[in-house]
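**Student:** I'll drop the sequence and a predicted model, then ask my questions.
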Amino acid sequence: MKRVFILLILFSSCSLTAPLKKGRLISLYHLIEIGKYEDAKVVADELVAGDDSLRWVNAWYARGYLCQTAYREGIKKNDAKLYALYPDQLYVAWDSYEKARTLDKAQRMERQLTPKYVLLANDFQDLGIKKFTRENYQEALRAFEHALQIEQLPFLSLQPDTVLAYNTALAAYESNDWPKAIKYLKHLHKLRFSENATHLLYSANLMTGDSAAAEKALFDGIGFYDDHEDLVFLLAEFLVQDSRSDQALEVINKAIAENPENAKYFYNKGLILQKVGSYDEAIDAYRNALSLDEENLMVLVNLATCYYNIGVAYEESTLKLSRNQVVKKERARSKKAFQLAMHWLDSALAWQPNDPEIVSRLSNLYIAMGKTDKTKMLLRDNE
């Protein structure tokens with residue numbers, strides 16, 4: 001009889017487990033409802049402890065609900081005791097809900113989880129923005145990626161949020177996490193999200209040493225967007241640095257054909273031609289730029305630079321000539337080029353430039369031409 005009695009006690013003890021847990025679960029929800037979150041935490045941790053918890057969906061859901069409710073209340077009241085009830089509290093909520101969802105083989109809780117996940121995605125986005133603003137880019141990336149994971153849950157049927165994807169890409173870019181930055185930016189690039197996303201994709205590819213992918217991103221982007229001015233300049237600069245000035249000029253000329261009223265295209269064309277020593281063609285480009293934008297001081301400075309370089313070239317050529325008549329002719333050309341250089345320098349000076357780069361360029365040219373008085377005046381006026 002004694003042995004049978006012991007077995008009956010053991011059997012009775014096992015049969016009480018579920019009702020006891022159910023009672024503790026009801027107690028947990030009551031504590032959450034009345035705002036006793038620390039007491040609720042004790043109960044929640046007890047419910048998910050032990051091997052038996054691995055089979056109990058409701059316990060994990062309840063802990064997720066506690067974390068999320070206390071977090072939102074804490075943010076609302078600016079009370080760290082609530083939003084930091086657990087370390088990384090939002091992530092504990094996410095892990096708890098995911099545990100419940102994984103254990104729920106019959107998918108009965110999906111309807112109950114749906115509004116919780118939607119709110120959680122919003123909370124992760126807000127957290128990501130806060131971390132990004134504080135320049136904690138890695139934590140911002142972590143938060144944004146969790147929001148993206150929630151967005152992609154099939155049973156939620158949410159529309160893709162491209163702004164969230166862009167924020168995630170920015171956080172990855174600022175974190176120097178180039179593989180992730182490229183992953184998200186490539187997605188946005190294919191969607192033709194924005195010129196800036198393509199610009200960042202170009203830069204991220206360069207950071208990984210994939211110049212072919214960087215170049216392709218720019219070529220694609222120029223075709224994707226009507227407002228592609230910056231991409232044109234980036235591509236032209238890239239090609240020039242890659243010793244492909246002819247291709248750079250083709251890109252600029254195509255842009256000019258599409259938008260002949262854009263002074264910046266002519267200006268950049270002038271820069272390319274000046275760089276390769278085609279000063280006469282560069283001057284034509286600069287004059288076109290000036291006709292469209294009379295207030296661009298750098299056009300005046302570069303016009304002066306081209307004429308100065310032409311004058312220097314004529315001067316150098318006289319050193320190789322022996323016939324006096326030809327020498328005189330070359331020196332006359334040199335003098336005229338220097339006079340034109342001075343004309344454009346004086347035109348620039350008349351604007352009283354304050355830009356440090358312009359002042360530096362002007363003073364260097366005046367020094368090269370022996371106009372020390374002009375140099376002193378320029379530097380004095382810009383002290």
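**Tutor:** Received it, and whenever you're ready, just let me know what you need.

**Student:** ok, for Ala62, nearest residue in space, not its chain neighbours?
**Tutor:** In space, and not counting its chain neighbours, Ala62 is closest to Leu28: 5.4 Å by C-beta to C-beta, 6 or more residues apart in numbering. The way it works is simple: take the backbone N, C-alpha and C, and place the C-beta from them, glycine included.

**Student:** host element of the one you found?
**Tutor:** helix 17-33 (DSSP states H and E).

**Student:** Could you give the average pLDDT over the helix or strand following that helix?
**Tutor:** Next along the chain after helix 17-33, taking DSSP H and E as the criterion, comes helix 37-47. Mean pLDDT, helix 37-47: 91.

**Student:** Check which residues of helix 37-47 are buried.
**Tutor:** The neighbour-count check on helix 37-47 (16 or more other C-beta atoms under 10 Å) flags Tyr37, Ala40, Lys41, Val43, Ala44, Leu47 as buried.

**Student:** helices or strands up against the helix holding Leu28?
**Tutor:** Helix 17-33 sits against helix 37-47, helix 57-77, with contacts defined as 3 or more C-beta pairs under 8 Å, 6 or more residues apart in numbering; DSSP states H and E.

**Student:** what would those helices look like in TSV with distance to Met342?
**Tutor:** Converted to TSV, the helices and strands packed on helix 17-33 look like this (distance: least, C-beta to C-beta, whole Å):
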stretch	distance to Met342
helix 37-47	79
helix 57-77	66
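
**Student:** Quick one: closest of these to Trp351.
**Tutor:** Closest approach to Trp351 among the helices and strands packed on helix 17-33 (C-beta to C-beta): helix 57-77, 53.3 Å.

**Student:** for the residue most central in space within the chain, what are its contacts?
**Tutor:** Centroid-nearest residue in the chain, with C-alpha atoms, centre = their mean: Leu170, separated by 3.8 Å. Residues near Leu170 by C-beta atoms under 8 Å, 6 or more residues apart in numbering: Phe132, Leu200.

**Student:** Figure out the helix or strand that it lives in.
**Tutor:** Counting by DSSP H and E, Leu170 is part of helix 162-174.

**Student:** Give me the residues contacting stretch 99-108.
**Tutor:** With C-beta under 8 Å, 6+ apart, stretch 99-108 has contacts from Leu54, Arg55, Trp56, Val57, Asn58, Trp60, Tyr61, Gly64, Met109, Glu110, Leu113, Phe155.

**Student:** All the strands of the stretch 251-383 of the chain, in order from the start?
**Tutor:** Ranges of strands in the stretch 251-383 of the chain, per DSSP state E, counting those that start in this stretch: none exist.

**Student:** Where does pLDDT dip in it?
**Tutor:** 317-334, 337-338, 349-350, 352-355, 358, 374-375, 378-383 (pLDDT under 70).

**Student:** Could I get the full set of helices for it?
**Tutor:** 263-275, 279-292, 297-318, 324-350, 356-368, 372-381 (DSSP state H, counting those that start in this stretch).

**Student:** Switch these over to TSV; also include distance to Asp104 and mean neighbour count.
**Tutor:** Output for the helices of the stretch 251-383 of the chain, formatted as TSV (distance: least, C-beta to C-beta, whole Å; neighbours: other C-beta atoms under 10 Å):
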stretch	distance to Asp104	mean neighbour count
helix 263-275	59	22
helix 279-292	66	19
helix 297-318	66	20
helix 324-350	74	16
helix 356-368	64	17
helix 372-381	76	14
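
**Student:** Now render those as JSON lines, adding distance to Gln138.
**Tutor:** What follows is these, written out as JSON lines (distance: least, C-beta to C-beta, whole Å):
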{"stretch": "helix 263-275", "distance to Gln138": "37"}
{"stretch": "helix 279-292", "distance to Gln138": "44"}
{"stretch": "helix 297-318", "distance to Gln138": "39"}
{"stretch": "helix 324-350", "distance to Gln138": "47"}
{"stretch": "helix 356-368", "distance to Gln138": "36"}
{"stretch": "helix 372-381", "distance to Gln138": "46"}
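
**Student:** Next, find the distance separating the closest residue to Ala84 other than its chain neighbours from Asp210.
**Tutor:** Nearest residue to Ala84, sequence neighbours excluded (C-beta to C-beta, 6+ apart): Gly74, at 7.2 Å. Going from Gly74 to Asp210 by C-beta to C-beta, to the nearest Å gives 44 Å.

**Student:** More neighbours: which of those two?
**Tutor:** Gly74 (18 against 15; other C-beta atoms under 10 Å).

**Student:** So that one sits against Gln68, correct?
**Tutor:** No: if you go by C-beta atoms under 8 Å, Gly74 and Gln68 don't touch, sitting 10.7 Å apart.

**Student:** After whichever helix or strand Ile222 is part of, which helix or strand is next?
**Tutor:** Using DSSP H and E, Ile222 sits in helix 211-224. Tracing the chain C-terminally past helix 211-224 and defining elements by DSSP H and E, one meets helix 229-241 next.

**Student:** Flag every buried residue along that following helix.
**Tutor:** Neighbour-count burial for helix 229-241 [16+ other C-beta under 10 Å]: Glu229, Asp230, Leu231, Val232, Phe233, Leu234, Leu235, Ala236, Phe238, Leu239, Val240.

**Student:** Tell me the helices and strands packed up against it.
**Tutor:** Packed next to helix 229-241, using 3+ C-beta pairs under 8 Å, 6+ apart, are helix 195-207, helix 211-224, helix 245-258, helix 263-275.
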